[in-house]
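Novice: here is my input; please provide its structure:
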Amino acid sequence: MRILLMSIAALSLAGLLSAGAIAHADDDGDDADGRSLDAVQEAVEKGTIKPFSELREIVSRRFRGDIVRVEPRRKHGVFLYKFKVLSPEGQLVEIEMDAASGTILEVENE
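Specialist: Presented below is the predicted three-dimensional model:
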């Protein structure tokens, strides 16, 4: 089940990247380009940030459960990913990660 949900999440993100959908807007005044998934894809291609698969693996190694949502964003010029993981106990854990380094910046509800 976990592998299926992770696969669905990865395919969903890949579909969004190829469609050029807009990520959630920031309130820090970054330009619209920084909020688009096109900008995320471009940053991965340039090597500015790590590919989603590597970031997902970091989260999966540290947190038990299923990744149920991923939100790429740019905040103060830094690309971030916000992962939401549903633990086996049914608790929703939110993880904010620096997309360039893979460093976990914040964890809520752990």
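Novice: contacts and neighbour counts: CA atoms only from here.
Specialist: Noted.
Novice: after the helix or strand of the chain with the lowest mean pLDDT, which helix or strand is next? Please name it.
Specialist: Ranking every helix and strand in the chain by mean pLDDT, DSSP states H and E puts helix 2-19 at the bottom, with a mean of 46. Note on helix 2-19: by DSSP states H and E, the next helix or strand toward the C-terminus is helix 37-46.
Novice: A strand includes Pro88, no?
Specialist: No - counting by DSSP: H, G, I helix; E, B strand; the rest coil, Pro88 is not part of a strand but coil.
Novice: pull the residues that contact stretch 76-93.
Specialist: Stretch 76-93 is contacted by residues 28-30, 34, 40, 49, 59, 63-74, 94-100, 107-110 when judged by C-alpha atoms under 8 Å, 6 or more residues apart in numbering.
Novice: ends of that stretch, how far apart?
Specialist: One end of stretch 76-93 to the other measures 23 Å (C-alpha to C-alpha, to the nearest Å).
Novice: next, the buried residues of it.
Specialist: Phe79, Leu80, Tyr81, Lys82, Phe83, Lys84, Val85, Leu86, Leu92, Val93 (16 or more other C-alpha atoms under 10 Å).
Novice: cool, and stretch 102-110?
Specialist: Gly102, Ile104.
Novice: contacts for it?
Specialist: For stretch 102-110, contacts defined as C-alpha under 8 Å, 6+ apart pick out Lys50, Leu55, Ile58, Gln91, Leu92, Val93, Glu94, Ile95, Glu96, Met97, Asp98.
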